[in-house]
Every structure is written in C-alpha cells, then in structure tokens.
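1. here's my sequence, what's the structure:
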Amino acid sequence: MSVDARWHRYIYASVAKHLHDIADPIPIDLVVEFLDTRTASWQSASPRAEAVITGPMSKEVSKGLHRIWVDVFITLTSDRSTNDYVHIGHSGTLANALDQCILVRDYGDTGLLDISVLNPIRDDARTVAVQHVTPSEKDEAIHSTIQSRFYGLFAET
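-> Numbering: from 1, shown residues only. Model prediction:
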C-alpha cells in the first residue's frame, strides 16, 4: 500500500517549524526554500540562513510500515565584518538543531495531533556535517553549510 500523502505535508511543515524555532531566538533570519520568501530584508540580513528540505522520500519496509526520510541542508551567511567565532557559534546552534529529534505534527487536518517523531540518522559518521567555506579576499560574506538526514517509521492508519 502507498504512503499517506498527507504525511509529506506534515513532515515538511514540522521540519520547517523546528528550524524556525531554533533560528528565531538567535536571531538568524531563516528562509525555508519553497515555503518562505527571500525578501530584500532577508537578502541584506546578517546572519541569514537558507534551508533546503529534500524529500520526504519513503520506502515500505514491511506491510503497512513505511520508512520516511528527509535531507536538510542549511547555508549560513554572515557579513565579513562578523566575528568569525560568532559565525561559527551560529553554525553550531544550527548543527545542534539538526541533531535533535523532530516531533511530526498533523498540520492542517485535525489541529496539532502528535503523530510521530523524526530521528536524526546516527548510523554513519556524518550525522550532522558542518563545513566552513574559506572566503577569498574579495568576498563580502562568510559561509557555512550544515546538513543532516532524518528518518521516521510511520504505520498506515
């Protein structure tokens, strides 16, 4: 049997909300590709981040049980005038967010019913990968990338 099409919305929205909940208090101006608009104020903000959520992808692992996963890739950008350690601290905060379980909620159908949890994948050496890009002399910004994969098991209802 195929996966419930609503799960894709629930998972995407839950991951996006989790990222916003982590970024807002820092404050990092965060946009989630496809959901949020890259406004002029976002383009000039420092620090700012853009998150790309790939998926959800799914595979039926047993009759009525689906493994669903998403990849999350974040690009963090700060003005060159930003202290490098502040920038690295922000990337660490985002990396920690990608190392947490994400509660998947039923957004849009029945309110906020908790239906499952997405777990960071811990079965390989790169649970959360952080890379700092060395800027050239001409760059006006410094960048870091943070990426992780999450999965969950969902039973058909």
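2. what helix or strand does residue 86 sit in?
-> Assigned by DSSP states H and E, residue 86 belongs to helix 84-97.
3. show me what that helix packs onto, helices and strands only.
-> helix 5-23, strand 65-79, strand 128-133, strand 141-155 (3 or more C-beta pairs under 8 Å, 6 or more residues apart in numbering; DSSP states H and E). All C-beta atoms are positioned from the backbone trio N, CA, C, and that covers glycine.
4. looking at the protein, which helix or strand is least sure?
-> Lowest on mean pLDDT, DSSP states H and E among the helices and strands of the chain sits strand 114-120, with a mean of 64.
5. and the helix holding residue 86, what's its mean pLDDT?
-> For helix 84-97, mean pLDDT is 91.
6. and stretch 145-157, by the same measure?
-> 80.
7. buried sites along that stretch?
-> 146-152, 154 (16 or more other C-beta atoms under 10 Å).
8. same deal with stretch 58-65?
-> Buried, per 16+ other C-beta under 10 Å, within stretch 58-65: residue 58.
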